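> need a structure here:
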Amino acid sequence: MEESFLWPVAKSRAGQSGVGVGIELVGTYQNRASVPRDLWLSLLQGAQERIDVLVFSGTFFAQSNPHVAKMLTERAAAGTQVRLCFGDPQGQAVAIRGREEGIGDTLAAKIRASLTYYRPLLPEAGCEVRLHDTTLYNSLFRYDDNLMVNPHVWGQPASANPLFHLKRAEANGWFDNYAHSFDAVWVGARPWNPDQEETATHGQD
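Predicted coordinates for the structure are as follows:
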């Protein structure tokens, strides 16, 4: 029986093949809440090419950093592409997720509250905010070649779920797989228009 059958990682550590065995995994956290605030800040401030965020509400993103909109604007002014994709508060995916977490319409309300932080970004060149109606299996936070992946466990808030820190090391690896999933959701998402959202919300009252 070959060594690789019993210990498939052994070949990777010997330098023969790293594809698919986690060489891009540089950190794990028991839950998202345990990720140091300083790490989030350093990743955001250090991004030079792109910042991509895919969430339902992402309330912690602004609550843990009250100056997040200003910092994102500064990164965009320096040439960084900023793409933020939130759950559509009027969509089916958000309604289903709210029921699964046992919070009903609260998730949609959290999204609307979270979006208010990012309204100043809309007129800025290089910044775009969209709304998706997609079942999310992970929340994604990309800063150039660093990617924070927050898997979703059924019925639990994302903050209580594990988080994996990936750093791109090869083509078609773990990092690229998750990055491509962001692009797929982004293409199908619609631009956020706050005025239209407010009109639609009031019309439901």
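
> and the gap between L166 and A179?
Between L166 and A179 the computed distance is 9 Å (C-beta to C-beta, to the nearest Å). Placement of C-beta: from N, CA and C, glycine included.

> which one's more surrounded, these two?
The neighbour comparison of L166 against A179 (other C-beta atoms under 10 Å) goes to L166, with 25 against 19.

> next, the more buried one: secondary structure please.
strand (DSSP: H, G, I helix; E, B strand; the rest coil).

> let me see the contact set for the spatially most central residue of the chain.
The residue lying closest to the centre of the chain (C-alpha atoms, centre = their mean) is L140, at 2.4 Å. Contacts for L140 (C-beta atoms under 8 Å, 6 or more residues apart in numbering) come out as 52-55, 147-150, 178, 181-182.

> would you list those in JSON lines and tack on distance to G79?
Conversion of the contacts of L140 to JSON lines gives the following (distance: C-beta to C-beta, whole Å):
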{"residue": "D52", "distance to G79": "15"}
{"residue": "V53", "distance to G79": "18"}
{"residue": "L54", "distance to G79": "22"}
{"residue": "V55", "distance to G79": "24"}
{"residue": "L147", "distance to G79": "20"}
{"residue": "M148", "distance to G79": "22"}
{"residue": "V149", "distance to G79": "25"}
{"residue": "N150", "distance to G79": "27"}
{"residue": "Y178", "distance to G79": "24"}
{"residue": "S181", "distance to G79": "25"}
{"residue": "F182", "distance to G79": "20"}
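
> name the helix or strand for V26, please.
When elements are defined using DSSP states H and E, V26 is found to belong to strand 25-29.

> got the residue ranges for the strands in this structure?
Secondary structure of the chain, counting by DSSP state E: strands at 25-29, 50-54, 81-87, 127-132, 138-143, 146-151, 163-167, 190-191.

> with distance to S114 as added columns, please give those in CSV.
What follows is these, written out as CSV (distance: least, C-beta to C-beta, whole Å):
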stretch, distance to S114
strand 25-29, 22
strand 50-54, 11
strand 81-87, 7
strand 127-132, 11
strand 138-143, 12
strand 146-151, 15
strand 163-167, 19
strand 190-191, 17
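
> any chance of those in CSV, plus mean pLDDT?
Formatted as CSV, the entries for the strands of the chain read as follows, by pLDDT from 0 to 100:
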stretch, mean pLDDT
strand 25-29, 95
strand 50-54, 98
strand 81-87, 98
strand 127-132, 98
strand 138-143, 97
strand 146-151, 97
strand 163-167, 97
strand 190-191, 98
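
> neighbours around N65, how many?
The burial metric for N65, expressed as a neighbour count using other C-beta under 10 Å, is 17.

> so it sits against M71, correct?
Yes: shown here, N65 and M71 form a contact pair, counting by C-beta atoms under 8 Å, at 7.1 Å.

> closest to R119 among the contacts of L140?
Each of those was checked against R119 using C-beta to C-beta; the closest is V53, at 15.4 Å.

> how far away is the closest one from S64?
With distances defined as C-beta to C-beta, the gap from V53 to S64 amounts to 13 Å.

> do V149 as well
Distance check for V149 against S64: by C-beta to C-beta, it reads 18 Å.

> between the two, tell me which one has more neighbours.
Here V149 and S64 are compared on neighbour count by other C-beta under 10 Å; more neighbours surround V149, at 21 against 13.
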